[in-house]
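# Would you be able to build a 3D model of this:
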Amino acid sequence: MQNKNITLRYIKEGDIADYVRWTTTETEWCQWDAPWEDNDSGEFVQRQRNSLGKTPERYSKLEIDTAHGRHIGWVSAYKVGNEWACTHKIESEKLAVGVDIPAVSDRGQGYGYNALVMFMKYLFEHENLLYTQTWSGNMPMIHLAEKIGFTECDRLPNFCEVRGQKYDALTFSITKSDFFKINW
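Reported below is the predicted structural model:
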């Protein structure tokens, strides 16, 4: 999948070096993507290696390249986690989506927005409702979700502690019809 700014594609061998760099030296992005979790960088890189050459039933993770072919991150889809639900408004077994652009220098240029919208457009061929989940301290993801048209549908107070402060778990949703009214 591609547009004039980015390409979404399967993982390839050359991406592994990027994942090693993103989990060992360029780790600022880890402050935003579930920073309360104790992620093992070796395990994370190994999961990426294990996905080489495999074609998922439905795209669950795609790599993001710029128009010039530079690998800058990934989009993913995953089953909504019930541990995040407090009001049980969330439909179980539904998909949530996310995007990671590890390098600070690659953010703020529309890559994340374009990648997530393109990925969601594909997923809406099979789904009528999508979610995204984040924490109340992740303002960049909250703003991106709102720009795409997601609305908050669930909040779990004091879900996590990050750098000594408590934050809420947030779940946002968007229907297929609302998504296409706003995006493309």
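
# remind me which residues of the protein are low pLDDT?
Low-confidence segments of the chain (pLDDT under 70): 35-42, 45, 54-59, 81-92, 184.

# So which residue is dead centre in it?
Closest residue to the average C-alpha location of the chain: Gly98 at 1.6 Å, with CA atoms, centre = their mean.

# show me where this structure has strands.
6-9, 61-66, 71-79, 95-100, 129-135, 151-162, 165-175 (DSSP state E).

# Save those as a markdown table, and put in distance to Val117 too.
Glycine gets a C-beta too; all of them are placed from N, C-alpha and C. Below are those laid out as a markdown table (distance: least, CB to CB, whole Å):
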| stretch | distance to Val117 |
| --- | --- |
| strand 6-9 | 10 |
| strand 61-66 | 12 |
| strand 71-79 | 10 |
| strand 95-100 | 10 |
| strand 129-135 | 11 |
| strand 151-162 | 16 |
| strand 165-175 | 11 |
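
# Please identify the most buried of these.
Mean neighbour count (mean count of other CB atoms under 10 Å) peaks for strand 129-135 among these, with a mean of 23.

# got the angle for it vs strand 95-100?
With axes from the mean of the first three to the mean of the last three CA atoms, to 10 degrees applied, the angle from strand 129-135 to strand 95-100 works out at 50 degrees.

# does Thr171 really touch Phe150, like I thought?
No. Using CB atoms under 8 Å, Thr171 is not in contact with Phe150, being 9.3 Å away.

# any shared contact partners between these two?
Thr132 (CB atoms under 8 Å, 6 or more residues apart in numbering).

# is Asp65 in a bridge, and if so with what?
Thr7, His71 (DSSP bridges).

# what sits against it?
So Asp65 contacts 6-9, 71-72 (CB under 8 Å, 6+ apart).

# Next one: it relative to Gly73, how far apart?
Distance of Asp65 to Gly73, computed by CB to CB, to the nearest Å: 9 Å.

# Pull up the overlap in contacts between these two.
By CB under 8 Å, 6+ apart, no residue touches both Asp65 and Gly73.

# longest helix in the chain, by residue count?
Using DSSP state H, we find that the single longest helix of the chain is helix 111-123.

# hang on, isn't the residue nearest to the centre of the chain packed against Val75?
Yes. Taking CB under 8 Å as the definition, Gly98 is a contact partner of Val75 at 7.0 Å.
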